[in-house]
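Peer 1: Coordinates for the following, if possible.
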Amino acid sequence: MRQADCEYVVVGSGAGGGTLAARLAEGGRRVVLLEAGGDTKALLGAARLPEDYDVPVFHPFASENEAMAWNFFVRHYDSDEEQRRDQKHRTSDDGRPAVLYPRAGTLGGCTAHNAMIFLYPHNADWDHIADLTGDPSWRADRMRTYFERLENCRHRPLARWLSKIGINPTRHGWTGWLHTEYEIPGAALEDDRPLMNVLRDCFEQGLPLVGRPIDRTRWLLEGRLDPNDWRLVKDDAVGIRYMPLTTRGHARMGARERVLETARRYPDRLKVYLHALATRVLFDDQNRAIGVEYLAGERLYRAHSRPSGEAGQRRELRASREVILAGGAFNTPQLLMLSGIGPREVLKRHGIPVRVELPGVGKNLQDRYEVSVINRLTTDHWKILEGATFAKGDRYYEEWAKRRAGVYATNGAVLGLITRSVESRELPDLFCMVLLGNFRGYYPGYAADCVKDLNCLTWTILKAHTVNGAGEVTLRSPDPRDVPSVNFRYFDERSDPNGKDLEAVVEGVKLVRMFTARLKKDGLIGDEELPGGDVQSELQIRQFVRENAWGHHASCTCPIGPRSDGGVLGPDLRVHGTRGLRVADASVFPRIPGFFIVSAIYMVGEKAADMILADAKS
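Peer 2: Model (predicted):
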């Protein structure tokens, strides 16, 4: 038998895979990390790099940067007619309407282009997994330890000082590898009186809007508007919050930095293979994963913004212990199916021998729903953005480059409101975020449009804890370079017959309009551009939401759960019916957690490492 190249092969270098690979190497194990993309930031002469990666406010441009963009075009609806009503749609390669879903094919995965927002999930999300599996290690109190392990919180200075003498009621992490910060460009805000007035009005309206007065006061005193304070997390607290960002020195930080820094410390333990597109998992006769087949070559995957016509060089990697898949909600189920693990009818249709029949692979696709309410200002720009070009060389960039300060050290969001769409809901399910710019979802060229008009105020409404689980990722062909077929089946009647998701988003639009009505009355903003003044009735708002909603937190396509109920993984993240094969990415959740998914994925990477290292010792 061929000698193993390493103990563990990890496929995918994002929040799950990068975190896991680094932790295994720190634990003394020999790991090879496969990444289909390159190290984008290291490319010499590439347009807008490394600035698009580093500068927080440039994150929309990072998601469209040709060096790392993987452009999935997905369906929101089965019906072509309904899909075409979304003005963001484009005609895909198969001639049908579809909507851009940006992903990143680069070292660090989607942590290289996301908005860096780091919000802790709800405790009920972890307890649900524990209840489903009977495994107490998934309980919320235990899972918080992984958050504390990975975080290096830099935005609660007093709490940080108290932690040095053993007092840590916030349960933040203070010594972890992932830095979290929050930048308020104070001097610039003071000069922009209209913006200060907008923020003051939003705060004054939002503070008394949700929660009981006693709770609001306690949360404000304890949490200081920090959404990740453990005391607020335990209470499922609602109200106005700031947004911690995964930045170090107010420059982007993510899985890329974790991987490279660990590889430098342990070059004999962690090896990173770039431009390596995994094509299938290799098994022995007992269904034990023994390695991975991959194609070596640049831009081989056809989601790339500039895909190569080359076939790539076929190679193999052998692992003596385990293979861990961390390609994300689209690519992990694709790789499983290419390896003969998935729904029998899909595998047979594409001529792939069935190794393990697992009907749940690629099913249960979930996401948030998001829509925007956009108003114009009564002036032609925010003063805080006067003269901004959102490119290297303007005065705001120079301020960021020299002092790591100013508006470019933010991600463009100024505050958020956590609330419930209906008071009776168990968990807060709406996150309403104020953005300086014109953001209405994803389509080719959206980044430039976001900053083209500097006199817009956007409220983006995010609906969490969605009911709809009818979405699906399935093979388009048996060619591993092809992008899978992705259909979210928005607001699907099969899994949401009462329309709870749709009604929640409608309530979010109404709530945001309460804020904008006062701002408009005070002369701080002008007319509403989206949905527009002619969209007023309940029916019209519903139609607006159906035609304009989008998402960017795809998950749940290889869920933890019993095989008989469509589950793909056990509580130890092992793929049912196999040995030596696990998954550690956004696909593992039975239901989509929290508001922003990346914190939960980082935590899954940390937990997976613990489980794997414990198994190695035993």
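Peer 1: Walking through the stretch 101-250 of the chain, point out its strands one by one.
Peer 2: Remark: strands assigned in the stretch 101-250 of the chain by DSSP state E, counting those that start in this stretch are 151-153, 178-180, 239-241, 247-248.
Peer 1: actually the stretch 301-450 of the chain, sorry about that
Peer 2: Taking DSSP E, counting those that start in this stretch, the strands of the stretch 301-450 of the chain run over residues 313-325, 341-342, 356-357, 369-376, 413-419, 430-436.
Peer 1: Just name the most buried of those.
Peer 2: strand 341-342 (a mean of 28; mean count of other CB atoms under 10 Å). Bear in mind the C-beta positions are built from the backbone N, C-alpha and C, glycine included.
Peer 1: Centre of the chain to that one, how far?
Peer 2: Averaging C-alpha positions (CA atoms, centre = their mean, to the nearest Å) puts strand 341-342 25 Å from its chain's average.
Peer 1: Can you tell me the strand partners of that strand and which way each runs?
Peer 2: strand 356-357 (parallel) (DSSP bridges).
Peer 1: and the partner strand, what's its mean pLDDT?
Peer 2: For strand 356-357, the mean per-residue pLDDT is 98.
Peer 1: now that strand, how far from the chain's geometric center?
Peer 2: Strand 356-357 has its C-alpha centroid displaced from the chain centroid by 29 Å (CA atoms, centre = their mean).
Peer 1: which outside residues touch that strand?
Peer 2: For strand 356-357, the external contacting residues (CB atoms under 8 Å, 6 or more residues apart in numbering) are 287, 340-344, 575-578.
Peer 1: Select, out of the strands of the stretch 101-250 of the chain, the one closest to L100.
Peer 2: The closest of the strands of the stretch 101-250 of the chain to L100 is strand 247-248. By CB to CB, the value is 25.8 Å.
Peer 1: and the closest one, which strands flank it?
Peer 2: Short version: by DSSP bridges, strand 247-248 pairs with strand 251-252 (antiparallel).
Peer 1: A21 falls within a strand, correct?
Peer 2: No: applying DSSP: H, G, I helix; E, B strand; the rest coil, one finds A21 to be helix, outside a strand.
Peer 1: Need the strands of the stretch 101-250 of the chain in CSV (columns: distance to V31).
Peer 2: Shown next, in CSV, are those (distance: least, CB to CB, whole Å):
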stretch, distance to V31
strand 151-153, 23
strand 178-180, 19
strand 239-241, 37
strand 247-248, 24
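Peer 1: Out of those, which gets nearest to G523?
Peer 2: Comparing the strands of the stretch 101-250 of the chain by their distance to G523 (CB to CB), the top pick is strand 239-241, with 22.6 Å.
Peer 1: Could you point out the longest helix of the protein?
Peer 2: As assigned by DSSP state H, the longest helix anywhere in the chain is helix 500-521.
Peer 1: And the next helix or strand past it?
Peer 2: strand 528-530 (DSSP states H and E).
Peer 1: Mind listing the strands that next one pairs with, and their directions?
Peer 2: Paired with strand 528-530 in the same sheet, following DSSP bridges, are strand 369-376 (antiparallel).
Peer 1: Need the residues that contact the strand it pairs with.
Peer 2: Residues from elsewhere that reach strand 369-376 (CB under 8 Å, 6+ apart): 438-441, 453, 455-463, 466, 490, 501, 505, 508-509, 512-513, 516, 519-520, 525-531, 544-545, 548-552.
Peer 1: ok, now with 6 Å
Peer 2: Strand 369-376 is contacted by residues 439-440, 455-463, 505, 512, 516, 525-530, 545, 548-551 when judged by CB atoms under 6 Å, 6 or more residues apart in numbering.
Peer 1: That one versus strand 430-436: what angle between them?
Peer 2: Angle, strand 369-376 to strand 430-436, by axes from the mean of the first three to the mean of the last three CA atoms, to 10 degrees: 40 degrees.
Peer 1: For strand 369-376, what is the distance to the chain centroid?
Peer 2: Computed by CA atoms, centre = their mean, the chain-centroid distance of strand 369-376 equals 19 Å.
Peer 1: That one vs helix 500-521, what angle?
Peer 2: In terms of direction (the same axes, to 10 degrees), strand 369-376 departs from helix 500-521 by 10 degrees.
Peer 1: what mean pLDDT does strand 369-376 have?
Peer 2: For strand 369-376, mean pLDDT rounds to 95.
Peer 1: can you count the residues close to E493?
Peer 2: 11 (other CB atoms under 10 Å).
Peer 1: Next: V575.
Peer 2: Residues contacting V575 under the criterion other CB under 10 Å number 26.
Peer 1: show me what contacts it?
Peer 2: By CB under 6 Å, 6+ apart, the contact set of V575 is L581.
Peer 1: for R476, same thing?
Peer 2: R476 is in contact with 482, 484-485, counting by CB under 6 Å, 6+ apart.
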